[in-house]
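Participant: I would like to see how this sequence folds:
(one chain, ligands or ions: 1)
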Amino acid sequence: MDYLFLVLTLICVYALLATSLNLIKGYGGLFSVAHAVFFGIGAYAFTIARIEYGVPFPLALVIAFAMAAAASLVLSIPSLRVSGEYLLLATFAVQILGTSLFLNLDITGGPAGIRDIPHADLFGYVFQTNGQVFIITLAVSALCWCMMYETARSPFGRVMKAIREDEIGIAALGKDTLWFKIAVFFIGCGFAGVAGGLFATVITFINPDSFVIYVSFTVVIMVLLGGLANPFGGIAGAAVLITLEETLRVIMPTAVGAHLAMVLFGLILVGVIMRRPQGLLPEHATSNLVADGRGLEGRGQRQAIKLKNVDPQASAALIHGPLLRIENVTKSYGGLVAVRGTNISVDAGDIIGIVGPNGAGKTTLFDLIGGNIRPDTGTIVYRGQDFSKHKPYRIAQAGIGRLFQHVRPFSNMTALDNVLVSFPRSLRESPWFAWLPIDRSGEAERRDKALELLQYMGLEGHANEKVGELSFGQQKLVGFARLLAQGASVWLLDEPAAGIDPQMRQDIRRTILRVRQDLGVTMLIVEHNMDFLEGLVDRVVFMAEGTVVKVASFDDIMADRELNRLYLGV
Ligand SMILES: Nc1ncnc2c1ncn2[C@@H]1O[C@H](COP(=O)(O)OP(=O)(O)OP(=O)(O)O)[C@@H](O)[C@H]1O
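Facilitator: The predicted structure is shown next:
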């Protein structure tokens, strides 16, 4: 029984460690193979605090969190600007560095480590037997798990998921992705530190062997096996692997058993990747708030509702002069000038079509306005302020929204969550408040607004469906609902009519006209389909070879024989 308690205690510790990595990888999409280092930093910080300074058990756990989280900044601030294999390599380097420091620093006791770590105690009660140690470990792990669970399902967790799905897409909705990634890394590493503190108090002895890269890989396997972005994934993965490891230890109590465990873990990883990439417990896409269908009743037909809750910064009447001015903007790629000395002036409430042959520079122009690339020369002035050197999220926050040609949907999130994540920053979108039971009414209000926006787009019946499973046209309508939630006053629509059937094209056209009529949103529409633009746009900007060739009404452009012959082939 005593041994069983020890195994259960270890499962709790590693479940906490795996859940903290799941927060980083499952929600943040950030692949780290250095998690054992933060586990170790927590363990050493906890141990030193307890032994050297006699710090009480709960406070030592807080110190473990703080030290591991603070150490994460050393890695995350420089390296989270990169992703994919570069981030993986950066975390690998941190793992090697961490192991080397644990081995060579005096404070860590070098290879011999630190012994006789005191048992957990609370209000004078010492948790000594394996049963008692299990209870305190379970209690702390459960508390941390609840905090991470709340964080993951909060608006903060929703933004993290969207970053994982499409970082450019969520930046275009006004979220500072770097800040969110640093924050999720900070929190995940902090909880790894708490797991380290618990580990130290359970085993009462630590040395660098417990924090080597093998441990980091084992935790990665726990997460992948249990289920990425599933709150119970880390627990399931830890339970399976720790049980397996301990069973092997009992059957083969030699070094062979330990090596066999490594081989088995490797095979499990390969098996998971090949047979069940979603892990034992797959991620749920359904928004918690309408999981039971609440809020969807009575929302049958598309109605001519007033968007009373929507606040696009479309106070067109308050703008003096042009809302958006593109002044003498040039952008080259090597010898190729994609946009050349372009000047376009857009008044509030205008709908402007941007047309021209392939390679004319239309998308580049949108990239420049949206901040995805910077102009070589020239300025982009919005509401009187030069935005040409601002980051995409700042431009989006200022009120310029974009529907990308391929929408950039958050495919594994529901339509409702796609809209919810687009609202401007709320209290619980901050990682510090995400786990607190606050702003529930604000969240309920946003849900109602989001449902209203989906209803406005005729998508109320799809609120709970994954956007990746909707048709391309419906995804575009979700994109419109996201722009409304964002409150963008200028919409950059990149080929909204492309890739959809004629019926849906009409729907989208009607929606654009309706948004303009109801909200006075200003729009720039890049489009090849001239029929789509007829009767929709106030002016057409004709571009060719990076240059604005002509700005005129739709009829004048169509009547210009030379343009039609040269570029439109009609
Ligand atoms: N990142 C890049 N690197 C190099 N050249 C680029 C890059 N992006 C665009 N270009 C080039 O710049 C020119 C303008 O491209 P852009 O995509 O803006 O044209 P477009 O008018 O949107 O064309 P389409 O209608 O086909 O989408 C093209 O010649 C293109 O090859």
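
Participant: residue of the stretch 51-200 of the chain closest to the ligand, please.
Facilitator: Ile168 (13.3 Å; CB to the nearest ligand atom). Glycine gets a C-beta too; all of them are placed from N, C-alpha and C.

Participant: low-confidence regions, the stretch 451-570 of the chain specifically.
Facilitator: 567-570 (pLDDT under 70).

Participant: that one: helices as residue ranges?
Facilitator: Secondary structure of the stretch 451-570 of the chain (DSSP state H, counting those that start in this stretch): helices located at 472-486, 502-519, 530-533, 554-559, 561-563.

Participant: could I get the ones you listed as JSON lines with distance to the ligand and mean neighbour count?
Facilitator: Listed next are the helices of the stretch 451-570 of the chain as JSON lines, based on distance: least, CB to the nearest ligand atom, whole Å; neighbours: other CB atoms under 10 Å:
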{"stretch": "helix 472-486", "distance to the ligand": "16", "mean neighbour count": "25"}
{"stretch": "helix 502-519", "distance to the ligand": "17", "mean neighbour count": "16"}
{"stretch": "helix 530-533", "distance to the ligand": "13", "mean neighbour count": "18"}
{"stretch": "helix 554-559", "distance to the ligand": "16", "mean neighbour count": "16"}
{"stretch": "helix 561-563", "distance to the ligand": "15", "mean neighbour count": "13"}
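
Participant: does Trp224 lie in a helix or a strand, and which?
Facilitator: Actually, residue 224 is Leu rather than Trp. Element membership for Leu224, per DSSP states H and E: helix 213-226.

Participant: quick one: that helix to chain centroid distance?
Facilitator: 22 Å (CA atoms, centre = their mean, to the nearest Å).

Participant: contacts for the helix or strand that comes right after it, please.
Facilitator: For helix 213-226, the succeeding helix or strand toward the C-terminus, using DSSP H and E, is helix 233-251. Outside of helix 233-251, the residues that reach it under the criterion CB atoms under 8 Å, 6 or more residues apart in numbering are 7, 10-11, 14-22, 26, 145, 218, 221-227, 257-258, 260-261, 264-265, 268, 279-281.

Participant: can you rerun that using 6 Å?
Facilitator: With contacts defined as CB atoms under 6 Å, 6 or more residues apart in numbering, helix 233-251 is touched by 7, 10-11, 14-15, 18-19, 22, 222-223, 225-227, 257, 260-261, 279-281.

Participant: repeat that for stretch 175-183.
Facilitator: Contacts for stretch 175-183 (CB under 6 Å, 6+ apart): 28, 76, 80, 159, 163, 167, 171, 393, 431.

Participant: in helices, which of these fall?
Facilitator: 76, 159, 163, 167, 171, 393 (DSSP state H).

Participant: and the gap between the residue of the stretch 51-200 of the chain closest to the ligand and Pro392?
Facilitator: 7 Å (CB to CB, to the nearest Å).

Participant: Ala60 now?
Facilitator: For Ala60, the distance to Pro392 - CB to CB - is 42 Å.

Participant: looking at Ile168 and Pro392, which one has more neighbours?
Facilitator: For Ile168 and Pro392, the more surrounded residue by other CB atoms under 10 Å is Pro392, and the numbers stand at 23 against 14.

Participant: check contacts around the residue lying closest to Gly356 once chain neighbours are set aside.
Facilitator: Nearest non-adjacent residue to Gly356, counting by CB to CB, 6 or more residues apart in numbering: Met543, 3.8 Å away. When contacts are counted by CB under 6 Å, 6+ apart, Met543 touches 356, 360-362.

Participant: just list what whichever strand or helix holds Val263 packs against, helices and strands only.
Facilitator: Using DSSP H and E, Val263 maps to helix 255-275. In terms of contacts (3 or more CB pairs under 6 Å, 6 or more residues apart in numbering; DSSP states H and E), helix 255-275 is packed against helix 213-226, helix 233-251.

Participant: TSV for these, including mean pLDDT and mean neighbour count?
Facilitator: Shown next, in TSV, are the helices and strands packed on helix 255-275 (pLDDT from 0 to 100; neighbours: other CB atoms under 10 Å):
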stretch	mean pLDDT	mean neighbour count
helix 213-226	94	23
helix 233-251	91	20
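
Participant: so which of these comes closest to Thr137?
Facilitator: helix 233-251 (12.5 Å; CB to CB).

Participant: and the closest one with helix 213-226, angle?
Facilitator: Orientation check (axes from the mean of the first three to the mean of the last three CA atoms, to 10 degrees): helix 233-251 against helix 213-226 gives 120 degrees.

Participant: quick revisit: so among the ones in helices among the contacts of stretch 175-183, where is pLDDT lowest?
Facilitator: Of all the ones in helices among the contacts of stretch 175-183, Ser76 carries the smallest pLDDT score, 87.

Participant: and the closest residue to that residue other than its chain neighbours, what element?
Facilitator: Nearest non-adjacent residue to Ser76, counting by CB to CB, 6+ apart: Phe185, 4.3 Å away. Using DSSP H and E, Phe185 sits in helix 177-203.

Participant: centre of the chain versus that helix, how much separation?
Facilitator: Using CA atoms, centre = their mean, the offset of helix 177-203 from its chain centre is 18 Å.

Participant: sort out which residues of it are buried, please.
Facilitator: 177-178, 180-203 (16 or more other CB atoms under 10 Å).

Participant: go on, stretch 84-95?
Facilitator: Neighbour-count burial for stretch 84-95 [16+ other CB under 10 Å]: 87-88, 90-91, 94-95.

Participant: mind listing which of the residues you listed are in helices?
Facilitator: Per DSSP H, the subset of these in helices is 87-88, 90-91, 94-95.
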